[in-house]
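A.B. asks: Sequence first, then the predicted structure:
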Amino acid sequence: MISFLDGLGRLRRGPWELVATVLIALGVVMMMQPFLLAAYTWSFLVTLTGTVMFIVVSHFPEDPRG
Amino acid sequence: MTDKTTDRTPAAARLGREITTPLGRGIKGLSDRAVAWIFIAPTIFLLLAVNIFPLIWTIRLSLTNYRANRTNAEVDWVGLRNYERILTDPDIWNSMQATAHFLVWTLSLQVLIGFSLAYLINKKFKGNDLWTTIIVLPMMLSPAVVGNFWTFLYQPQIGLFNYVVGFLSGVDPSSFSMIGDVALAPWAIVIVDTWMWTPFVMLICLAGLRSIPDSIYEAAECDRASAWRQFWTITLPMALPFLMLAVLFRGIENFKMFDLVVQLTGGGPGSVTELTSINLKREAFEKWRTGYASAYGVILFVTVFGLASIYVKALNKVKER
């Protein structure tokens, strides 16, 4: 957990891609779930944030420690 | 007179000189980089004209109230209002759920049946090639034709599907209608898509299974690994990238599924099988709300793009292993 937060702080690709992936997946689930209209309303914003973040952070450097 | 006869250099020497000269300098003094740009320019131009420009234009239209059937009417800038309407519309929300149901079930069934068929076909037996040909026949048909003849198969009175279900379960064949029943119609489109596209998944999985060297299985045999263990530790991990590729292709295709479902149910009964692509077509070309439909298209594009991005990343990770 600490190494994950450390990676976020040092702008490393791995942890940031994970955050973007979670956002995209969350957005898609919110968009297609049948339970809450409010979740559907906010789904596009979440998916868009995740997608843009994914494009940006894929240009971040890899963590040299692996 | 400076004609060709004055050049006394041997032909082979002239040829050699031409060959060793960089290609670009031979074409009116252009550099290699310039020649490379000349070759890729048509592709870049086509990509810009066919992909990038329409995308930017769609985003621009999505912020207006433009209607394609009223080209002379004044176009107003409405900002994010189209997006706001779409994301609070219960009908479009229902459409998203219908698409999710269709996607999840078609992908699950196609992967399960496709991989099982590939595993069986990969075993050496008599008539192997003939069975492969028979199995791949459905995917060679046009979706419009498939949709049309499955409407006959689903007929409650004369349909073969109803007859077979009735024969196996004892239910009266005319007592249920796959296309007309609200509860059954979503399953009707899942069954037809699975029937049509399972062979595609099977072919990709078959390519994966045939790429596994026999020596690995021979080594496993020497180590006395059971067939079950060989499947879980050799077959499945090595065929996984191919399986994921099949899911990616079918997932993207099914997210924009249109022709088969329109032919089969037309989105009905009611709007229970109205997938997002059908709904989008209605907004764009029946109600002629072009700006609204553009915003709808942008939402679907971002969703598919996001999903495809994380999927390609996962695929690359599996390949690296």
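C.D. replies: Received, thanks.
A.B. asks: Closest to the centroid, which residue in the chain?
C.D. replies: You didn't pick a chain, so chain A it is. residue A:20 (1.6 Å; C-alpha atoms, centre = their mean).
A.B. asks: meant chain B actually
C.D. replies: For chain B, by C-alpha atoms, centre = their mean, the most central residue is residue B:253; offset 2.9 Å.
A.B. asks: The closest residue to chain A within the stretch 201-321 of chain B: neighbouring residues, count only.
C.D. replies: Closest contact between the stretch 201-321 of chain B and chain A, by C-beta to the nearest C-beta, is at residue B:306 (3.9 Å). All C-beta spots, glycine's among them, are computed from the backbone N, C-alpha and C. By the criterion of other C-beta atoms under 10 Å in any protein chain shown, residue B:306 has 27 neighbours.
A.B. asks: Got the confidence number for it?
C.D. replies: Predicted confidence (pLDDT) for residue B:306: 92.
A.B. asks: need the residues of chain B near chain A, please.
C.D. replies: Within reach of chain A by C-beta under 8 Å from any C-beta of the partner chain, chain B has these residues: B:83, B:87-88, B:90, B:93, B:96-97, B:99-100, B:299, B:302-303, B:305-307, B:309-310, B:313.
A.B. asks: 7 Å instead?
C.D. replies: Within chain B, the residues that sit near chain A (C-beta under 7 Å from any C-beta of the partner chain) are B:83, B:87-88, B:90, B:93, B:96-97, B:100, B:299, B:302-303, B:305-307, B:309-310, B:313.
A.B. asks: Poorly predicted segments of the chain, please.
C.D. replies: Unless you meant another one, I'm taking chain A. Within chain A, the ranges that satisfy pLDDT under 70 run A:64-66.
A.B. asks: Chain B was what I was after
C.D. replies: B:1-28.
A.B. asks: Where do the domain boundaries of it fall?
C.D. replies: Split into domains by automatic domain parsing, chain B comes to B:10-61, B:84-320.
A.B. asks: so how far is the longest one off the chain centroid?
C.D. replies: With C-alpha atoms, centre = their mean, to the nearest Å as the basis, domain B:84-320 stands 10 Å off its chain's centre.
A.B. asks: measure that domain end to end?
C.D. replies: End-to-end span of domain B:84-320 (C-alpha to C-alpha, to the nearest Å): 42 Å.
A.B. asks: List the buried residues for stretch B:110-122?
C.D. replies: The neighbour-count check on stretch B:110-122 (16 or more other C-beta atoms under 10 Å in any protein chain shown) flags B:110, B:111, B:113, B:114, B:115, B:117, B:118, B:119, B:121, B:122 as buried.
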